[in-house]
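Undergrad: kindly return the folded structure for what I paste below:
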Amino acid sequence: MDITTPTILIVDNEERERKILSMELSDKYKVLLAQNGKEAVNLLNKNKVHLVLTDLKMPGMSGIELLEHIQKHHKSIPVIIVTAFGSVENAVEAMKLGALDYMLKPLKIDELEALIEKSLNFGRLLDENIRLKEQLKKYEGFNEIISINPKIKELLDTITHVAKTPATILIEGESGTGKQLFAQAVHYLSDRADQPFVEINCGAIPHDLLESELFGHEKGAFTGAVNMKKGKFELADGGTLFLDEIGELSMDLQVKLLHVVESQKFTRVGGTIYLKTDVRIVAATNRSLIEEIQKNNFRQDLYYRLKVVYLHIPALRERTEDIPILVNHFLEKHKDLNAIKQLKVSDRAFDMLKSYKWPGNIRELENVVQQAMILARDGIIKPELLPTEIVDSYEINAEYIPLTKIDLQEYKKKQTENILENIEYKFLISLLESTSGNITKAAEKSGYDRRQIQNLLKKHNIDVDKFR
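TA: Model (predicted):
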């Protein structure tokens, strides 16, 4: 076996169980054996282990105690619990504490190998994410950029290279892709990191106020200007000014911004004295500025002044491999939303999340995860906790095949509900058509009372007036 072969640590106090598993798995994996938790800890400290397969009941350090040790000191190593039927409750408790999954004895080797491969893939994602975060954690603003996508890694490399230059930077990307995070990364990797990072959303401030927000105003410059006010260019002096949604700037403000970029000088509103500014400008937009130039909505000369360095942030649908680690990041980030601190996402729910197009990108994903966490009751985020548009999109665009008994039961229940809902809807439509939308006649004809008919109409959002 070469150095890329995954190493599995089997922990069981029964020698026969250890030997059987070792014999079955050693063809595909490097196998380490431990007869108790203490021995397992020693092996974990001395070896690069990719997966731990442990029994729960062992003398000395139990499987739960070993799991807690791994969660604290070897967080990227997935743990599978192996236990007897009578200890299922303990296995479920172990999953709440961080175990990835569990299996009941006697083990079926083909099912175990499938679970091992799934767990190793998850471990690789987690390990890659931890490695990337370790690499970047010294830079404030990089902690929230969670990705294993090659394009994102290229962007981070580019940022690392250009951050220490004075070049202006233009970031394009859809809403919710994290443009602000990349702008912060530029700042904190630059020589200006100990100076202010000031941001302004050009689309969130009314046009008549935006000039004052950018350049400040003198006392008496307009009604309500009772004092002199510094603008963002003054507040960001020596640091970085992040102009979000730059495509929303009016043409007259684009002219003034171009002048500042070229001369590093500006005047406050109502002022006559030029003030010097030393800022690094990072601009961002969710529009295509080239298209805006063609529509005469954006100045070409300003575009090229801003686009000395260009960064395009890919949409989440273009980096679906990031969805599992982003979901787990949000589960950890918002763990206080649920009393169960180690929530899991079912395989089917993950499939749905990965197949959805995410028009709102990472921001939308985070909101969906938060909502599901609040609603989760049994420690597992299931499909029924996801928004209807995600479930419907999956069922329309993907042929789902259940892989486990639980998934099959959930799928059958969901499909039965859908069929019944559809029959109920068609029944109501037919009934209303035959009675010209008269609810009293519909109730008499169907055997329902009037109130029941009204409840069904409300449930299916049917407008009776359309049938009259």
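
Undergrad: so where does the residue nearest the centre of the chain fall, helix or strand?
TA: Per Cα atoms, centre = their mean, the C-alpha nearest to the average position across the chain is that of residue 326, at 3.8 Å. Assignment of secondary structure by DSSP states H and E places residue 326 within helix 323-333.

Undergrad: now for that helix, which elements pack on it?
TA: helix 109-136, helix 347-355, helix 361-375 (3 or more Cβ pairs under 8 Å, 6 or more residues apart in numbering; DSSP states H and E). For glycine as for every other residue, the C-beta is placed from the backbone atoms N, C-alpha and C.

Undergrad: so which of the ones you listed gets nearest residue 225?
TA: Each of the helices and strands packed on helix 323-333 has some distance to residue 225 by Cβ to Cβ; the shortest is helix 361-375, at 35.4 Å.

Undergrad: show the average pLDDT along the helix or strand that comes right after the closest one.
TA: Elements were assigned by DSSP H and E; along the chain past helix 361-375, the next helix or strand is strand 380-381. In this model, strand 380-381 carries a mean pLDDT of 92.

Undergrad: beyond strand 380-381, next helix or strand please.
TA: helix 388-397.

Undergrad: just want the angle from that next one to helix 361-375.
TA: 110 degrees (axes from the mean of the first three to the mean of the last three Cα atoms, to 10 degrees).

Undergrad: centre of the chain versus the following helix or strand past helix 388-397, how much separation?
TA: Proceeding N to C from helix 388-397, the next assigned helix or strand is helix 405-434, under DSSP H and E. In terms of Cα atoms, centre = their mean, to the nearest Å, the centre of helix 405-434 is set 32 Å apart from its chain centre.

Undergrad: packing partners of the helix or strand residue 181 falls within?
TA: Per DSSP H and E: residue 181 is located in helix 179-189. Helix 179-189 sits against helix 150-162, strand 169-172, strand 197-201, strand 240-244, strand 280-285, with contacts defined as 3+ Cβ pairs under 8 Å, 6+ apart.

Undergrad: residues in contact with that helix: which ones?
TA: 139-142, 144-145, 155-156, 159-160, 162-164, 169, 171, 173, 193, 197, 199, 239-240, 242, 244, 280, 282, 284, 286, 311, 313 (Cβ atoms under 8 Å, 6 or more residues apart in numbering).

Undergrad: where does the prediction get shaky in the stretch 101-250 of the chain?
TA: 130-143 (pLDDT under 70).

Undergrad: could you redo the last one with a cut-off of 50?
TA: Within the stretch 101-250 of the chain, the stretches with pLDDT under 50 are 137-141.

Undergrad: domain ranges for this protein?
TA: 7-133, 150-314, 317-400, 408-467 (automatic domain parsing).

Undergrad: and the closest residue to residue 385 other than its chain neighbours, how far from residue 331?
TA: Leaving aside its chain neighbours, residue 385 sits nearest to residue 372 (4.3 Å; criterion: Cβ to Cβ, 6 or more residues apart in numbering). From residue 372 across to residue 331, the span is 9 Å (Cβ to Cβ, to the nearest Å).

Undergrad: which one of those two has more residues nearby?
TA: Neighbours per residue, other Cβ atoms under 10 Å: of residue 372 and residue 331, the larger number sits with residue 372, 25 against 21.
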